[in-house]
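Here is a sequence with its predicted model. Questions after.
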Amino acid sequence: MQNMVAFDALRNAPYAAPQQSAWLAYARALTFTVWFFSLVVNYWWRQEWNDLYEMLSAGVDVKSYYYVGIAVAFVGHLTLGPVKWVEAIFRLLSSPVGKVFTAFFLFMFVLTPLSVTPTTSAKYLLATFGVFILCSLFWVSDYHVLRRALVFTGMVLFAWMVLLLVHHGMPRGFGATIGGINRNMIGKLGLVAMTCVLFANHKALRWAAIGVAAAFFVLVTSRGSMLAFSVLLAVYYTSYKGTAKAVGYAAVGVFLVGAALLASHFIQQAVLQDVLRVNDERRGFGTDFTGRVENWKQGLETFRKRPLVGYGFRATVGVNSPVSAAHSGYINLLLESGVIGTCLIIGAVLVALYHRMRIILKIRPLVERDGAYRTLFMDTFRLNAIAAGTLCAVGTLWIYEPLYINLGQVASILFFLMVTAPMYVNVAPQAARLLR
């Protein structure tokens, strides 16, 4: 590898952590725990399937929890001072991903007069760009503090899921819902919780998080979450082991699962019918992805009327929205921002994936070489592996979930955190320059 001699000279170079108050850094980082929790606290009152829609129709503002959470995170990060906020904006504008996302926000803001909901679109755009900056500020503190805060956040979310299960139970039995909470909401919550805990240094804790998340996916039979979960772990594992090993192990796994299904009628029933529900009258084959296909067709028909610029950012939101949302993030993205905006968002994600995979491929030979390199680069390696896996998992969710950027969803906030995460952490500045 090029510059190996230089790496040998730098591998024991000390990394100077940011000089700041430890308690303030923890307090600031944990504001994101409060924010994440505020997005799901209303699940406690979801006794019936249509509770949320009934509450919205009655004028009950369930978003008040969201506002409290983001306010806590915002106020907490004001302690960084105005200079850091200004630096964050310029740092975003100087990064490839930040440039593309900023271009998207500017493009959509210029087009707000053409939106079917001009005022709503403008407000959402400003709020979303503010959250984008806020998520980038999360990474300003000492990475060790941030990593522990993320792990703690994941554990809080898992504990909340268990409490919800105890509180609501499963009135409709195994494979249905926890209380009146949509199964896919539980699935996305478990996916986010697991991703946060993957930042833990202890392997046993990471495996436990994977197991708990998988158990909840199976419990509520959230098939979309299972697919996104599989994609995230596949990217994460491939980052560690390389494509050849990952494909080999995947082939062995597919063979063993296939053999088990063929050998046991009980396993067939459990996997295909009880979990995947392939023959279910409402969710099985022949239901057009539980009615999504028809919804997608209607959304695409509406999109064709304004294909270039769409109907405006978040024009599909709200009970009385003039544009009906489709049950797909990508189609909603087309509806709201047209082909141009959609290309910008997808382009930003692809640029982020390219840079993170490039770093992973450069660092993996180093961390496999000896312990000194592992000490220097392991945090950077794991962060990029988790970020790449998360971006792929969220991109998978967008296919069949009606979200792409939604400030009321934990998956969207995690997406922004991974997009704005630094490429290098706890690495001597000289070594980081050599990796570029």
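Okay, I see it.

chain center to stretch 85-93: distance?
22 Å (Cα atoms, centre = their mean, to the nearest Å).

switch to numbering from 837
Sure thing, new numbering starts at 837, so read that last one as stretch 921-929.

Now tell me what touches it from outside.
His913, Gly934, Lys935, Phe937, Thr938, Phe968, Ile969, Ser972, Leu973, Val976, Thr1256 (Cβ atoms under 8 Å, 6 or more residues apart in numbering). Bear in mind the C-beta positions are built from the backbone N, C-alpha and C, glycine included.

How many neighbouring residues does Phe945 have?
Phe945 is flanked by 15 other residues according to other Cβ atoms under 10 Å.

before we move on, what about Pro1143?
12.

and it, what are its phi and psi?
Here is the backbone geometry of Pro1143 (degrees, to the nearest 10): phi -70, psi -30.

just the one 5 residues further on next, same as before
Taking degrees, to the nearest 10, you get phi 110, psi 150 for the backbone angles of Gly1148.

Would you mind measuring from it to Ile1181?
The gap separating Gly1148 from Ile1181 is 15 Å, by Cβ to Cβ, to the nearest Å.

Those two: which is more packed in?
Between Gly1148 and Ile1181, counting by other Cβ under 10 Å, Gly1148 is the more crowded of the two (28 against 19).

so that one touches Thr955, yeah?
No. Taking contacts as Cβ atoms under 8 Å, Gly1148 lies outside contact range of Thr955: 10.1 Å.

in the helix or strand containing Ala1082, what counts as buried?
Using DSSP states H and E, Ala1082 sits in helix 1079-1099. By neighbour count with 16 or more other Cβ atoms under 10 Å, helix 1079-1099 contains the buried residues Ala1082.

name the helices or strands packed onto that helix?
In this structure, helix 1079-1099 packs against helix 1059-1077, helix 1101-1104, with contacts taken as 3 or more Cβ pairs under 8 Å, 6 or more residues apart in numbering; DSSP states H and E.

and Ser1100, how many neighbours?
By other Cβ under 10 Å, neighbour count at Ser1100 equals 12.

any idea of the pLDDT on Gly1084?
Note on Gly1084: pLDDT of 80.

would you turn the contacts of stretch 921-929 into CSV with pLDDT?
Converted to CSV, the contacts of stretch 921-929 look like this (pLDDT from 0 to 100):
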residue, pLDDT
His913, 92
Gly934, 89
Lys935, 91
Phe937, 92
Thr938, 91
Phe968, 93
Ile969, 92
Ser972, 92
Leu973, 92
Val976, 88
Thr1256, 93
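
could you check the distance from Met1214 over to Ser931?
Going from Met1214 to Ser931 by Cβ to Cβ gives 23 Å.

next one: Ala939
Distance from Ala939 to Ser931, counting by Cβ to Cβ: 12 Å.

Have a look at the two and say which one is more surrounded.
Ser931 (20 against 15).

check contacts around that one.
Not one residue lies near Ser931 by Cβ under 8 Å, 6+ apart.

if we can go back for a sec, what's the angle between the helix holding Ala1082 and helix 1059-1077?
Angle, helix 1079-1099 to helix 1059-1077, by axes from the mean of the first three to the mean of the last three Cα atoms, to 10 degrees: 140 degrees.

Apart from its neighbours in sequence, what residue is nearest Trp874?
For the record, residue 874 is Ser, not Trp. Gly905 (2.8 Å; Cβ to Cβ, 6 or more residues apart in numbering).

just Ala1184 next, same as before
Closest residue to Ala1184 apart from its sequence neighbours, by Cβ to Cβ, 6+ apart: Val936 at 3.9 Å.

what about that neighbour, how many residues close to it?
Val936 has 19 nearby residues by other Cβ under 10 Å.

Check which helix or strand it maps to.
helix 932-946.

heading toward the C-terminus, what's the first helix or strand past that helix?
helix 954-974.

Contacts for that next one, please.
Contacts to helix 954-974, defined as Cβ under 8 Å, 6+ apart, come from residues 865, 868, 906, 909-910, 913, 916, 920-921, 924-925, 927-928, 934, 937-938, 941, 944-945, 948, 951, 982, 1148-1151, 1153-1154, 1241, 1243, 1249, 1252-1253, 1255-1256.

how much space between Gly1225 and Thr1031?
Gly1225 is 8 Å from Thr1031, by Cβ to Cβ.

if we can go back for a sec, most neighbours per residue, which of the helices and strands packed on helix 1079-1099?
helix 1059-1077 (a mean of 20; mean count of other Cβ atoms under 10 Å).

what's the spacing between that one and its chain's center?
13 Å.
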